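Colleague: build the 3D model from these lines:
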Amino acid sequence: MLTLQEFVQNISEDFKKVFPEVSIENSFIRLGTGLTHVELPINSMYKEYQVTDFESIKRLYIKISNEILNQYKFKVDYNNVYPLLKSREFGKGEKDLGFYREQAFADIDIFYASDIGEVFRFILNSDDVDFDKMKKAAWENLNKMANPLVKLDKTLDVFCLKYSTDYNSTLLLSTALQNQIHKKIGKDYLFAIPSSTTLIVARYRPEYISIIKSLMAIDTDTNRISDKVYQYKNGIFDIASV
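Modeller: Numbers count the residues shown, from 1 in each chain. Okay, here's the model as predicted:
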């Protein structure tokens, strides 16, 4: 019969063949990943092992753990998922959860999130999601949104979106808004995304760069994205040069 220490070591090694993360924490074996995990009591498992056999206990707790983890596994609602532009530093740090991300601009990434009311649940690399289907649905959902561009001042070709939403920054990449920009401004323009709710777009004129920076400075939204002014020209997005 295995000692307690041998039992923990052996069953942990076998768990690692099944679960992405396995760790020993005090009197528990912790299984799972990201936001979803299960803790198995070591002493109880060992007592059960003493009256049966190792393989039976291992199979039993793998089955129990999988049932628990699958019960709480995130399931994306494809009707309610959207792309979101965020700072490249968003989601990084000591508790990096592994958000699924793609590069958008020099210092901005595209994230995908399920809108569940008061909060967004961001898609993780570890989620059991059909990523191609999820991305296709997200862009289709974004393209259903409408938000007109309006001039900030009658004398300037500087525009913002009429309505404030959490999707204003990302709407820049929607087909509908690109059509608006090309019609009202042209295909050579400046833009800035200081925060989630703010998008500033202007006809390309070097003197407008300082005006855009002044508008960015008074943006009160705390969900900051970028302090850069970008230029769109010949189908390319890049940081505007003064």
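Colleague: could I get the full set of helices for this protein?
Modeller: Ranges of helices within the chain are 4-15, 42-50, 54-71, 131-143, 175-184, 206-217, based on DSSP state H.
Colleague: how long is stretch 149-159 from one end to the other?
Modeller: 6 Å (Cα to Cα, to the nearest Å).
Colleague: other residues contacting that stretch?
Modeller: Under the contact criterion Cβ atoms under 8 Å, 6 or more residues apart in numbering, stretch 149-159 has outside partners 160-162, 177, 180-181, 184-185, 200-203, 205, 208, 211-212, 215. All C-beta spots, glycine's among them, are computed from the backbone N, C-alpha and C.
Colleague: okay, buried residues for it please.
Modeller: Using 16 or more other Cβ atoms under 10 Å as the test for burial, stretch 149-159 gives 149, 157-159.
Colleague: can you check stretch 13-28 too?
Modeller: With the criterion 16+ other Cβ under 10 Å, stretch 13-28 contains buried residues 14-15, 19, 22, 28.
Colleague: thinking again about what came up before, which of the contacts of stretch 149-159 are buried?
Modeller: For the contacts of stretch 149-159, a burial check counting by 16+ other Cβ under 10 Å picks out 160-161, 177, 180-181, 184-185, 200-203, 208, 211-212, 215.
Colleague: which stretches of the protein have low pLDDT?
Modeller: Scanning the chain for pLDDT under 70 picks out 33-35, 71-73, 93-96, 117-118, 242.
Colleague: at 80 what do you get?
Modeller: Applying pLDDT under 80 to the chain flags the ranges 20, 26, 32-37, 68-74, 93-97, 116-119, 241-242.
Colleague: what domains does the record give for it?
Modeller: For the chain, automatic domain parsing gives the domain ranges 4-71, 78-132, 149-239.
Colleague: give me the distance between the two termini of the shortest one.
Modeller: For domain 78-132, the first and last residues are 11 Å from each other (Cα to Cα).
Colleague: ok, Phe28 touching Pro41?
Modeller: Yes. Checked against Cβ atoms under 8 Å, the pair Phe28 and Pro41 is within contact range at 6.0 Å.
Colleague: between the buried residues of stretch 149-159, which is closest to Lys47?
Modeller: Distance to Lys47, by Cβ to Cβ, is smallest for Leu149 among the buried residues of stretch 149-159, at 68.2 Å.
Colleague: the closest one pairs with what?
Modeller: Note on Leu149: beta-bridge partners by DSSP bridges are Leu161.
Colleague: how much space between it and Asp132?
Modeller: Distance of Leu149 to Asp132, given as Cβ to Cβ, to the nearest Å: 31 Å.
Colleague: a markdown table please, covering the helices of the chain and showing distance to Asp227.
Modeller: Converted to a markdown table, those look like this (distance: least, Cβ to Cβ, whole Å):
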| stretch | distance to Asp227 |
| --- | --- |
| helix 4-15 | 46 |
| helix 42-50 | 50 |
| helix 54-71 | 41 |
| helix 131-143 | 24 |
| helix 175-184 | 21 |
| helix 206-217 | 7 |
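Colleague: re the thing from before, select, out of the domains of the chain, the one closest to Asn141.
Modeller: Closest among the domains of the chain, once you apply Cβ to Cβ, is domain 78-132, at 5.4 Å.
Colleague: one step back: how about the domains of the chain in CSV, adding distance to Glu140?
Modeller: As requested, these are exported to CSV (distance: least, Cβ to Cβ, whole Å):
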stretch, distance to Glu140
domain 4-71, 27
domain 78-132, 9
domain 149-239, 10
